[in-house]
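Chemist: Build me a model:
(one chain, ligands or ions: 3)
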Amino acid sequence: MQLSVPGRATATAVVAAVSLLAGGSLADAAPAAGPTVAAAPDISVTAVKAHLTQLQSIATANGGNRAHGRAGYKASLDYVKAKLDAAGFTTTIQQFTSSGRVGYNLIADWPGGDTNKVLMAGSHLDSVTSGAGINDNGSGSAAILETALAVSRANFQPAKHLRFAWWGAEELGLVGSRYYVNSLSTANRSRISGYLNFDMIGSPNPGYFVYDDDPAIEKTFKTYFTGLGVPTEIETEGDGRSDHAPFKNAGVPVGGLFSGADYVKTAAQAAKWGGTSGRAFDRCYHSSCDTTANINDTALDRNSDAIAYAVWELSA
Ligand code: TRP
Ligand code: CA
Ligand code: ZN
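Modeler: Ligands and ions are numbered 1, 2, ... in the order given. The predicted structure follows:
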């Protein structure tokens, strides 16, 4: 479920929309003043979970993981690429070598928009060798895949150029994303106006963490969660521990969402978010139990909807 928030809404406008909803109807709402962008779609959590089921099957058929250099990684990449190709994206596989094994990034460009202003969203697609990696990071990978498919279904034509990325070998030290950023010319790097990262967004005992990086990106995510009435906290579980770091180091504005890994949920956090205090956000982090059973559907749904909201808002 997602709140319908007018594009380019100010904080005040969001509050107004919330009270209208509380009043039971938006039907007679006055048109929002000023420029508006097309409303972001409600991403179907059922569709996101269907991608996770496929990634689980891929792991199960390939020795239980989707790790760098293993058959399950390439099969995951082929699955995502086929969906994007069928939806009209221009896909590119970028190959690299790490630890003596071949790895791949998948880049998907949505035709159109100003290629001097590129908005990127990315997630690492590799798992660790010990498990299927469904929360880490099937969750982010499936959510940005479904967001990309929603772009296609809506035939969304934003002012900026949209690019989605699935990174290889994150678990070996951000290898794929680093390779991508290093491979860009200075000019092409400067054309990226923002990079949004999604690594673990369906944690079973979830928190709602927003990266405290670029202020405009951070504000966009916070606006969305405020509209839902869900409190957020700043992400502190290891700044620079995911694929946004190479972009940030290259001077690209970055942001993202995170539902928690091996840190333990406090009593205060359980009071505001529910779940279990004194227990990790994800007890199966980097373990064999990171399967499709290791997902909180509500967190996956809210974060997926927040991704679509941010992609729509920030590409206008
Ligand atoms: N990137 C880590 C992994 O894949 C997970 C993680 C830990 C993380 N801390 C984070 C992701 C903070 C984003 C933000 O194993
Ligand atoms: Ca949804
Ligand atoms: Zn991991």
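Chemist: Ala316 is in contact with Ala159, isn't it?
Modeler: Yes: counting by C-beta atoms under 8 Å, Ala316 touches Ala159, with 5.8 Å between them. Glycine gets a C-beta too; all of them are placed from N, C-alpha and C.
Chemist: Look up how far ligand 2 lies from the residue nearest the centre of the chain.
Modeler: Centroid-nearest residue in the chain: Phe198, 3.4 Å away (criterion: C-alpha atoms, centre = their mean). Using C-beta to the ion, to the nearest Å, one gets 15 Å for the distance from Phe198 to ligand 2.
Chemist: Quick check: phi and psi at that residue.
Modeler: When read as degrees, to the nearest 10, the backbone of Phe198 gives phi -130, psi 100.
Chemist: again, but for Lys160
Modeler: When read as degrees, to the nearest 10, the backbone of Lys160 gives phi -90, psi 160.
Chemist: In contact with it, which residues?
Modeler: The contact partners of Lys160, by C-beta atoms under 8 Å, 6 or more residues apart in numbering, come to 113-114, 117-119, 193, 314-316.
Chemist: okay, these in TSV with neighbour count next?
Modeler: Shown next, in TSV, are the contacts of Lys160 (neighbours: other C-beta atoms under 10 Å):
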residue	neighbour count
Gly113	19
Asp114	13
Lys117	15
Val118	22
Leu119	25
Ser193	19
Leu314	23
Ser315	24
Ala316	14
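Chemist: Could you list the contact residues of the stretch 201-316 of the chain toward ligand 1?
Modeler: 235, 237-238, 241-242, 258, 261 (C-beta under 6 Å from any ligand atom).
Chemist: and the residue nearest to Val230 when sequence neighbours are not counted, what pLDDT?
Modeler: Spatial nearest neighbour of Val230, excluding adjacent residues (C-beta to C-beta, 6 or more residues apart in numbering): Tyr208 at 5.7 Å. pLDDT for Tyr208: 98.
Chemist: Likewise for Gly240?
Modeler: At Gly240, the pLDDT value in this model is 84.
Chemist: Same check on the one 3 residues further on?
Modeler: Reported pLDDT at Asp243 in the predicted model: 98.
Chemist: wait, isn't it in contact with Gly173?
Modeler: No: the criterion here is C-beta under 8 Å, and Asp243 misses it with Gly173 at 10.7 Å.
Chemist: So for those two, which sits in the more crowded spot?
Modeler: Shown here are Asp243 and Gly173; by other C-beta atoms under 10 Å, Asp243 has more neighbours (30 against 10).
Chemist: Could you give the backbone dihedrals for that one?
Modeler: When read as degrees, to the nearest 10, the backbone of Asp243 gives phi -70, psi -10.
Chemist: For the protein, which segments count as helices?
Modeler: Along the chain, counting by DSSP state H, helices occupy 11-22, 45-61, 71-86, 139-153, 175-183, 186-190, 215-228, 244-249, 267-273, 297-314.
Chemist: Which among those helices is found nearest to ligand 2?
Modeler: helix 297-314 (4.4 Å; C-beta to the ion).
Chemist: What is that closest one packed up against?
Modeler: In this structure, helix 297-314 packs against helix 45-61, strand 114-124, helix 139-153, strand 192-198, helix 215-228, strand 254-258, with contacts taken as 3 or more C-beta pairs under 8 Å, 6 or more residues apart in numbering; DSSP states H and E.
Chemist: try 6 Å
Modeler: For helix 297-314, the packing partners by 3 or more C-beta pairs under 6 Å, 6 or more residues apart in numbering; DSSP states H and E come out as helix 45-61, helix 139-153, helix 215-228.
Chemist: buried residues in that helix?
Modeler: Residues of helix 297-314 classed as buried: 299-314 (neighbour count, 16 or more other C-beta atoms under 10 Å).
Chemist: cool, and stretch 227-235?
Modeler: Buried residues in stretch 227-235, counted by 16+ other C-beta under 10 Å: 227-228, 232-233, 235.
Chemist: Relative to Thr46, which of those is nearest.
Modeler: Leu228 (18.7 Å; C-beta to C-beta).
Chemist: Run through the residues of the stretch 1-150 of the chain sitting next to ligand 2.
Modeler: Taking C-beta under 5 Å from the ion as the measure of proximity, the stretch 1-150 of the chain contacts ligand 2 at 42-43.
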